[in-house]
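Chemist: how does the following fold in three dimensions:
(2 chains)
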Number of protein chains: 2
Amino acid sequence: MKERIRREDLFDKVMTANEAASLFKDGMTVATSGFTPSGYPKAVPLALAERALSGDKVELTILCGASVGDELDGALSRSGVMKRRYPYQTNDSLRNSINSGQLAYQDMHLSHVTQYIDYGYFGKINIALVEALAITEEGGIVPTTSVGLMPQAIQNADMVIVEINTSQPMELEGIHDIYMTEKPPCRKPIPLTSPNDRIGKTYIPCNPEKIAAIVFTDITDKVRPLGPIDEPSKLISKHIIDFLKYEVKMGRLPKNLLPLQSGVGSVANAVLGGLLHSDFEDLTCYTEVIQDSMFDLIDAGKVKVASGTALTPSEEGLKRLHDKMAHYAKYCILRPMEISNHPEIARRLGVIAMNTAIEVDIYGHVNSTNIMGSRMMNGIGGSGDFTRNAYLSIFTTVSTAKNGDISSIVPMASHIDHTEHDVAVVVTEQGLADLRGTAPRERARKIIENCAHPQYKPMLLDYLKEAEKGKFKYQPHLLKEALSWHVRFLETGTMRIEKNLDEAIKETAVNKE
Amino acid sequence: MKERIRREDLFDKVMTANEAASLFKDGMTVATSGFTPSGYPKAVPLALAERALSGDKVELTILCGASVGDELDGALSRSGVMKRRYPYQTNDSLRNSINSGQLAYQDMHLSHVTQYIDYGYFGKINIALVEALAITEEGGIVPTTSVGLMPQAIQNADMVIVEINTSQPMELEGIHDIYMTEKPPCRKPIPLTSPNDRIGKTYIPCNPEKIAAIVFTDITDKVRPLGPIDEPSKLISKHIIDFLKYEVKMGRLPKNLLPLQSGVGSVANAVLGGLLHSDFEDLTCYTEVIQDSMFDLIDAGKVKVASGTALTPSEEGLKRLHDKMAHYAKYCILRPMEISNHPEIARRLGVIAMNTAIEVDIYGHVNSTNIMGSRMMNGIGGSGDFTRNAYLSIFTTVSTAKNGDISSIVPMASHIDHTEHDVAVVVTEQGLADLRGTAPRERARKIIENCAHPQYKPMLLDYLKEAEKGKFKYQPHLLKEALSWHVRFLETGTMRIEKNLDEAIKETAVNKE
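Modeler: Numbers count the residues shown, from 1 in each chain, chains lettered A, B, ... in the order given. The predicted structure follows:
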């Protein structure tokens, strides 16, 4: 215990998860640690869910850095504890609650979240609930596998509840770099000019008097599986690498590129993975989450430094990480999400931003969050923070989904998270469209020709040509048909026209009867 | 001449506008000075248009800081010289060429333009064509009423053509603060922490050997008229000021607020104008353009410093500015648009961003650029630069247009420039909706209740309630009807349903005949 709690005056704050759970009152706002299922509190949320299921009314507003594991997002949404949630999630139960309308969810740019806490836009933060590796002599709190919004949660909360997770390796200590900004008008430049700069402390300052409870647990991070790297992902990665090579050849990128940012999930993991077999060397990463392929790149000596706010391996990667934590800690820096996702830094470093889209329309508007316009998938996460401020903004998507019944390239996106002004390059397994310097109709032809699946190309071209017959040819749309592909999918199960025709024939037949 | 050209070795570069116009070759890319009709080159573009009209083929790609006057955007688009244009415009002839499909136009975030020039994304810049007050001993070029993209144009161009405009008052010298950033990976923090900081030179460095021509002219800036401050604008301004007072009372804003940013045009001018009669004092502005009401605020002692990239008065304001240039120069700083619109600075200072929308949808997505989805109005300008990085992001619009036939609040925007993630407050003459911390359906009710025009409220509520009956209730839409208001307007001339019904009845009658 002395290794984990290095102040004797805090020993009497140690209690059970159930005792700590009793500190939460109905109506409170709680900010927690955790980012893309790692470093999130587990024992106390589980106890809190139990408490609610046994009949206590405890309805909470909950802020996390990004997605957290089922012990938090799952247990608290199923038990009705979670009534409102910010700013990103990936949990099935929580997603269902959001889409069924039981739970209020605001999907936010991650770079906005921590300053909104500081500004008081979420109201008072009653409790900061954080997973920690240890509490230092100074009362500082050492995070585990993620930092996320912990610093601002701890700074702003009335009360801090710490979960010391003994399953997290002590070698994590020292990996963190905690720097916090002031509120305007007192903000100063953030003194970070390279991904490997360390500008802060290795722990989060905390007034020990605010620590109301310390709970020990050894529940491990419920990380998400990463899909195997499939053929479309490999092709996407290849197109990107060929493009980056070309940019180097044209003198528009340095030989070792610029700091790479890559989104979360299997495709993002595959894109980075492709660099393993490329000629690129001395790479740096300035990103949100550090996934499995980053460890491969580190092991291969390709990546010098990986800066993020979370270590998010697959289950297999987690074992590897734990086995060689001291090794990987030398190459990784975990920062507060305010810094990992900061527009100032993304723009200064000139990141190469690579994020995934759900759908892209012919004019380059990107939907990252909503299925068929209404249904939340995960959230925008940090994609907008990086993309808007990037040296190069790349969006990837497989050209079709649902066995070809959905085209990821559509006439008009059913929801827009990144506008035409923010998207420089679109890549599918079919190819790459470089949209820099293009007018909308030029963009449309590039995206259709290079990125759309062959079975949808003629339909997309038909739409474009019909729209171009209208009076206004700047970004021509047929408003009556712009969303008809989505409507067709909802009604017939496919965006393809053939099947739709069959259905229409049947329908006509029915009407005639 | 010696006052205007302070190096004798440049005297022999003085030539007529026609001679300078002969330096342009077909296919060239030209970057010019000018920002929201001020400080743009005039004599050479007019000569160039003449040259083209007399039969010479000179087709150019033209980059300006933002909108420029008719001598450039008008003359060159009508004469067919301009074939491609970036990144913002307000000229009738140019707009017609864009919408008729004769001219390729890319609408860009202004903060992206100068770095795209530096990165080589527009290809080689053949000519920088700039209006200047004077050329210094060092070969430095002193801008006139705007800075815009001049620094990067001059730095990157093979050849520089200078128009010395003798109608611009010499008292402008010293008002400029020219600071330029490096390209990644060598970028450093921009050392600006307050709107009144001066961090650069009063002129733009230029290798004198690149100066190929100097042309004298006295054509004045063709500034745009500002509409009189009408009743809806006054109401919008009042709602904003009441809201800001409330934020101060709640401790979320300092008493003298934070640096104000206000868009271009009559409503923006009116919003700032309202501050004249408020209790706010010691205000600062960190914005793009300095319009008439800023001079009122300066004269009233309300504003201590106004930082922008252009002085853009009305015709009346221009006279006042010229009469008291030395006075206003003490309070104004003109910076490169890279700095005036820089995400790093907007976020550091915590600007209060106030920009105008064409339409806003019930979930808070904003259309700033396209009429009925297809037709370019002006462009996004700097609204995205400020809004994304603001302390508070406010969008204003009058609740109806075209005598009430268009509702500015719609079920789904026909084009999106700013997403739900970037819009904190929406204001119309009807009222103000504070969207911070809200889930989509909460946003919808606030926007409909507080901002929509009473005649459209029931229709908007009907849409929302119908959409909420669907399976997915996160951001519920009826994709078949989402754009039907726009379709109705295009077909019947109004978004109102009554008229639409009348038309439908007539149409049915016709069909029956």
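Chemist: make it CA atoms for all contacts and neighbour counts henceforth
Modeler: OK.
Chemist: quick one, strands of the stretch 151-300 of chain A?
Modeler: A:159-165, A:211-217, A:260-262, A:283-286, A:289-290 (DSSP state E, counting those that start in this stretch).
Chemist: so for residue A:428, which of those sits nearest?
Modeler: Checking these against residue A:428 by Cα to Cα gives strand A:260-262 as the closest, at 15.5 Å.
Chemist: just for chain A, where's the confidence low?
Modeler: Filtered on pLDDT under 70, chain A yields the residue ranges A:498-513.
Chemist: if we can go back for a sec, export the strands of the stretch 151-300 of chain A to a markdown table and tack on mean neighbour count?
Modeler: Output for the strands of the stretch 151-300 of chain A, formatted as a markdown table (neighbours: other Cα atoms under 10 Å in any protein chain shown):
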| stretch | mean neighbour count |
| --- | --- |
| strand A:159-165 | 26 |
| strand A:211-217 | 21 |
| strand A:260-262 | 27 |
| strand A:283-286 | 24 |
| strand A:289-290 | 26 |
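Chemist: secondary structure element holding residue A:139?
Modeler: Residue A:139 belongs to no helix or strand when assigned by DSSP states H and E.
Chemist: grab the nearest non-local neighbour of it.
Modeler: residue A:208 (5.2 Å; Cα to Cα, 6 or more residues apart in numbering or on different chains).
Chemist: okay, the one you found and residue A:141: tell me how far apart.
Modeler: 10 Å (Cα to Cα, to the nearest Å).
Chemist: higher neighbour count, those two?
Modeler: When residue A:208 and residue A:141 are compared for neighbours, residue A:141 comes out ahead with 27 against 18, by other Cα atoms under 10 Å in any protein chain shown.
Chemist: may I have the beta-bridge partners of that one?
Modeler: Under DSSP bridges, the beta-bridge partners of residue A:141 are residue A:135, residue A:204.
Chemist: spell out which parts of the stretch 1-150 of chain A neighbour chain B.
Modeler: A:98-101, A:104-109, A:119-122 (Cα under 8 Å from any Cα of the partner chain).
Chemist: scan those residues and report the most crowded one.
Modeler: residue A:105 (29 neighbours).
Chemist: hey, C-alpha coordinates of stretch A:148-167 in CSV?
Modeler: Only the C-alpha atoms of stretch A:148-167 are listed here, as CSV (Å, rounded to 0.1, in the frame of the first residue of the first chain):
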residue,chain,number,x,y,z
GLY,A,148,-8.0,12.0,-20.8
LEU,A,149,-9.8,14.7,-18.9
MET,A,150,-8.4,13.7,-15.5
PRO,A,151,-6.4,16.9,-14.8
GLN,A,152,-9.4,19.2,-15.3
ALA,A,153,-11.8,16.8,-13.5
ILE,A,154,-9.5,16.7,-10.5
GLN,A,155,-8.9,20.5,-10.6
ASN,A,156,-12.6,21.4,-10.8
ALA,A,157,-14.3,18.8,-8.7
ASP,A,158,-15.4,19.3,-5.2
MET,A,159,-14.5,15.7,-4.2
VAL,A,160,-12.0,13.2,-5.7
ILE,A,161,-12.5,9.5,-5.6
VAL,A,162,-9.5,7.4,-6.5
GLU,A,163,-9.5,3.8,-7.7
ILE,A,164,-6.0,2.4,-7.3
ASN,A,165,-5.7,-0.3,-9.9
THR,A,166,-3.1,-2.9,-9.0
SER,A,167,-3.4,-4.6,-12.3
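Chemist: contacting residues for the residue nearest to the spatial centre of chain A?
Modeler: Taking Cα atoms, centre = their mean as the criterion, residue A:381 is the residue nearest the geometric centre of chain A, at 4.0 Å. By Cα atoms under 8 Å, 6 or more residues apart in numbering or on different chains, residue A:381 lies in contact with A:66, A:87-88, A:107-110.
Chemist: what's the closest of these to residue A:128?
Modeler: Closest approach between those and residue A:128, by Cα to Cα: residue A:66, at 15.0 Å.
Chemist: quick one, phi psi at the residue nearest to the centre of chain A?
Modeler: The phi and psi torsions at residue A:381 (degrees, to the nearest 10) take the values phi 60, psi -140.
Chemist: gap between it and residue A:357?
Modeler: Residue A:381 is 12 Å from residue A:357, by Cα to Cα.
Chemist: could you find the closest non-adjacent residue to the residue of the stretch 101-250 of chain A found nearest chain B?
Modeler: Chain B sits closest to residue A:106 of the stretch 101-250 of chain A, with a gap of 4.7 Å, by Cα to the nearest Cα. Excluding its sequence neighbours, the residue lying closest to residue A:106 (Cα to Cα, 6+ apart) is residue B:439, at 4.7 Å.
Chemist: tell me the domain boundaries of chain A?
Modeler: With domains defined by automatic domain parsing, chain A comprises A:8-217, A:231-462.
Chemist: contact partners for the closest residue to residue A:434 other than its chain neighbours?
Modeler: Excluding the flanking residues, the one nearest residue A:434 by Cα to Cα, 6+ apart is residue A:425, at 4.7 Å. Contacts for residue A:425 (Cα under 8 Å, 6+ apart) come out as A:392-395, A:432-436.
Chemist: ok, residue A:489 next?
Modeler: Counted by Cα under 8 Å, 6+ apart, residue A:489 has contacts A:405-406, A:495.
Chemist: among those, name the ones in strands.
Modeler: Within the contacts of residue A:489, residues falling in strands by DSSP state E are residue A:406.
Chemist: residues in contact with the longest helix that chain A contains: which ones?
Modeler: Determined from DSSP state H, the single longest helix within chain A is helix A:231-249. Residues from elsewhere that reach helix A:231-249 (Cα under 8 Å, 6+ apart): A:253-255, A:257, A:267, A:270-275, A:278, A:396, A:398, A:427-432.
Chemist: in that helix, which residues are buried?
Modeler: For helix A:231-249, a neighbour-count test (16 or more other Cα atoms under 10 Å in any protein chain shown) marks A:232-241, A:243-245 as buried.
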